[in-house]
Structure formats: structure tokens, C-alpha cells
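Trainee: Output the structure for:
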Amino acid sequence: MLHAMPNLTREFGGPIEALIGFVNAAADHATATIVGPPCPEAERDWLSGQLPPSARIVFGSPRDLVRRADLVQRADLVHVHGLLNRFSSSAASATLNARRPLVLGPFGTLSRYTFTHRRRLLKRIYFAAIDAPSVRRAHAMHFTTEAERDEAAWHGIDFTGRAHVVPPPWRSPVPAPHSHAGSTVLFLSRLHPKKGLDVLLEAWPRVRASREAARLVIAGSGDNRFETTKLPGVKFVGFVTGQAKVDCLRSADVFVLPSHNENFGIAVLEAVAAGLPVVVSPGVQLAPWVAERRFGAVVDRDPAALAEAILGVLGDAELRSRVARSGAEAVVSDFGMPRVAPVLLDMYQSAISRCTS
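Mentor: Numbering: from 1, shown residues only. Below you'll find the predicted structure:
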């Protein structure tokens with residue numbers, strides 16, 4: 001099995017975590033080769049440590065994917081992650097040209113938000129000329145939520161029989177349960193307007209007006225213009241991973257992610273598994289799960305509404321106790337390897353069958 005990923009570093013966030021999960025979920029049934037652009041040696045070592053021993057990593061450029069046709073031709077199936085970038089586009093095209101089964105996972109790039117923000121015309125031209133033909137011909141389309149699948153319908157492309165919903169499998173160890181009793185709010189994501197950080201910063205003075213001791217910890221890298229914001233109780237800690245991420249989660253009392261659009265939201269699962277109640281926007285496509293499980297609040301991306309929701313969760317001792325007590329178990333039950341692996345393998349088998357029929 002060949003996986004093509006446009007970025008193999010930890011700072012790529014959810015997509016790289018999802019890739020690692022999918023490779024591990026299928027490890028008992030297939031060996032994996034991961035191909036992506038070159039990255040620092042420390043990142044390669046980290047990635048190798050997350051993968052099964054049988055997996056290998058190959059670095060290359062989009063042009064290399066065409067020159068190294070053997071990579072594609074030897075694969076029983078190619079899983080391409082992403083759209084609207086040269087690496088993923090080249091991998092998808094090379095797979096179809098080699099008549100190999102293609103699974104194409106857009107990780108949110110087929111949303112309306114993608115095509116209505118930043119370089120809108122360029123995205124539409126690129127998609128129509130380069131990616132749309134591959135989307136139409138892919139043997140399976142991999143969506144991580146039903147909302148992502150449904151949102152992609154606005155392109156008018158027929159996904160009948162090809163659309164599969166397979167969430168990233170939860171693969172982290174379950175942390176020890178603990179309770180929270182402070183006023184620390186955690187934002188753990190890329191620093192980007194898409195993530196709604198501007199709305200959170202606008203809401204923050206309202207939170208502080210009611211809870212003077214409240215602290216906002218912002219963990220992530222990206223647009224450093226956000227870090228020029230000077231507000232009482234706000235601390236930027238940069239990109240965190242490993243124990244530093246665990247420490248952020250364990251010291252927080254509520255997790256907030258008010259994204260415009262989030263095709264899944266692995267950070268939401270990390271927070272709930274750590275026993276944190278969450279406040280998310282409807283644009284986070286795990287929002288229905290949060291609401292169904294009653295693990296926090298789903299609120300519009302309005303500063304006043306967001307501040308009210310944060311204060312409500314901080315003041316809800318029963319909610320915080322319930323998430324601390326049952327959050328990790330729910331994440332494992334709903335997104336653990338035993339739940340996701342069979343669905344993932346069904347998608348792969350469906351793609352192979354469609355390609356050979």
C-alpha cells in the first residue's frame with residue numbers, strides 16, 4: 001500500500017496524525033510505503049517511530065512521483081491525502097495513469113470555505129483543470145465525517161458508491177482520569193484565521209470581565225501576527241508536542257476550537273480523552289459528536305456567544321466531572337482501532353474491486 005502525503009512533519013497537525021493512524025490500523029493486512037516531500041531528519045525519525053516496523057518512508061518531489069513510476073506500479077492500492085497541492089495532485093494522476101486503485105482523501109479541501117477564502121479564483125482554476133478529473137475517477141473518496149462528505153456535494157460530482165466515511169483512529173494511550181477546578185482555557189491548533197483564533201481573542205475580555213483569574217493558553221504555530229495581541233491572561237506557548245502537549249492538556253480546564261471549517265478535529269478528541277470539556281463551533285465537524293455525547297458546548301462563532309459558552313463550561317462542575325470520568329472511554333469506544341480498522345479495510349477493498357471490475 002502506498003500513501004502519498006504533501007507534508008510529513010508534526011506541524012502539519014491533524015492530517016499527519018490521521019495518516020499514522022490509518023497505516024497502523026491496516027498494519028495486520030498490508031505493508032505501507034509513505035511518500036512525501038523531504039523533511040528534517042528529526043521529523044523523519046519521529047515519524048518512523050510512530051509507524052509499524054514494516055513501513056518505509058520515501059522522500060521525493062512531485063516530479064519524482066512521475067519519474068519513480070515503480071512506486072505506484074508496485075502498489076496494490078494508493079491512498080492520496082489532500083487536494084489543491086502539486087504533490088497530492090501528481091500522486092493521484094500517476095495512480096490513475098498506472099491503472100492502480102486510487103483512494104483520495106481531501107481532508108476538508110472540497111468544502112465551500114476552501115473555495116471562498118484566499119486565492120479563490122486560483123483554487124477554482126487549479127481544481128477544475130488538475131484535481132477535478134482525479135476526483136471524478138477515484139475508485140474511493142475518503143471522508144472523515146458525514147458532514148465532510150455531504151459538504152462536498154456542492155461540486156456536483158457524483159460520489160455514488162465511492163464515498164466512504166472513515167474517521168482517523170484514536171491511537172494514543174488513555175491518560176489517567178483527573179479533575180479540573182480552575183479557569184484555564186486551552187486553544188491547541190494552528191495559528192490561522194481559519195481556526196477562529198481571532199474570534200476567541202475578541203471574546204477573551206468578556207471572559208476576564210467575569211473571571212478575573214482566567215488564563216488563556218494558546219499552543220500552536222503559524223501566523224505570528226496573532227502573537228502581537230496583548231491581552232491580560234493570554235499566553236502563547238508555541239508549537240507543542242509529546243510531553244509538552246500532555247502538560248498543556250492536563251493543566252487546562254476547558255478546550256476551545258471555534259474554527260470556520262474543520263473536516264474532523266483530532267485536537268478535540270485529544271482534549272476529551274484528557275478529560276477536558278470542549279467548546280467548538282458548528283464548523284468543527286466533530287460538533288455533532290460533542291453534542292450527542294454531551295461533552296461540552298457547540299456555539300456560533302460570535303465573540304459574545306463564545307465567551308458565554310466558555311464561562312458556562314467553566315462554571316459547570318457536573319459537566320467537567322462527567323467528561324473527566326467518561327471522556328477517554330468514549331473516545332476509545334467511538335474512534336479506537338477496533339472500531340475504525342474494519343471500515344478502513346472495507347474502503348480499501350471497495351476501491352480495489354472497482355478498479356478491477
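Trainee: Spell out, range by range, the helices that occur in the stretch 151-300 of the chain.
Mentor: 197-210, 242-251, 266-273, 287-293 (DSSP state H, counting those that start in this stretch).
Trainee: who wins for proximity to residue 93 among these?
Mentor: Closest to residue 93 of the helices of the stretch 151-300 of the chain is helix 266-273 (C-beta to C-beta; 28.3 Å). C-beta here means a position set from N, CA and C on the backbone, and glycine is covered the same way.
Trainee: Give me the contact list for the closest one.
Mentor: Helix 266-273 is contacted from outside by 13-14, 17-18, 168, 170, 172, 174-175, 186, 188-189, 245, 249, 252, 255, 257, 278, 280, 284, 286, 290, 293, 295, 323, 327-328, 330-332, 335, using C-beta atoms under 8 Å, 6 or more residues apart in numbering.
Trainee: how close does residue 24 get to residue 263?
Mentor: 20 Å (C-beta to C-beta, to the nearest Å).
Trainee: ends of stretch 26-38, how far apart?
Mentor: 24 Å (C-alpha to C-alpha, to the nearest Å).
Trainee: can you pull the buried residues of it?
Mentor: For stretch 26-38, a neighbour-count test (16 or more other C-beta atoms under 10 Å) marks 26, 27, 30, 32, 33, 34, 35, 36, 37 as buried.
Trainee: residues contacting the fourth one?
Mentor: When you say that, I think you mean residue 32. 1, 2, 3, 23, 26, 51, 52, 54, 55, 56.
Trainee: does residue 321 sit in a helix, a strand or a coil?
Mentor: helix (DSSP: H, G, I helix; E, B strand; the rest coil).
Trainee: Against residue 328, how distant is it?
Mentor: When residue 321 is compared with residue 328 (using C-beta to C-beta), they lie 14 Å apart.
Trainee: cool, residue 350 as well?
Mentor: 32 Å.
Trainee: C-terminal to the least confident helix or strand in the chain by mean pLDDT, which secondary structure element comes first?
Mentor: Within the chain, no helix or strand scores below helix 62-67, which has a mean of 69 by mean pLDDT, DSSP states H and E. Per DSSP states H and E, helix 62-67 leads on to helix 69-73 as the next helix or strand towards the C-terminus.
Trainee: Can you tell me what sits against the helix or strand just after that following helix?
Mentor: As assigned by DSSP H and E, the chain's next helix or strand after helix 69-73 is strand 78-81. Outside strand 78-81, the residues that touch it by C-beta under 8 Å, 6+ apart are 1-6, 15, 18-19, 22, 72, 88, 91-92, 95, 100-105, 107, 142, 348.
Trainee: Show me the residues you listed that map onto strands.
Mentor: Of the positions in those, 2, 3, 4, 102, 103, 104, 105, 142 sit in strands, assigned by DSSP state E.
Trainee: Return the subset of the contacts of residue 32 lying in helices.
Mentor: When the contacts of residue 32 are checked against helices (DSSP state H), the matches are residue 23.
Trainee: Give me the buried entries from the contacts of residue 32.
Mentor: Applying 16+ other C-beta under 10 Å to the contacts of residue 32 flags 1, 2, 3, 23, 26, 51, 55 as buried.
Trainee: quick one: which of the buried residues of stretch 26-38 is nearest residue 146?
Mentor: Using C-beta to C-beta, those come closest to residue 146 at residue 26, 21.9 Å.
Trainee: so that closest one sits right up against residue 346, yeah?
Mentor: No. Residue 26 is beyond contact range of residue 346, at 11.3 Å (criterion: C-beta atoms under 8 Å).
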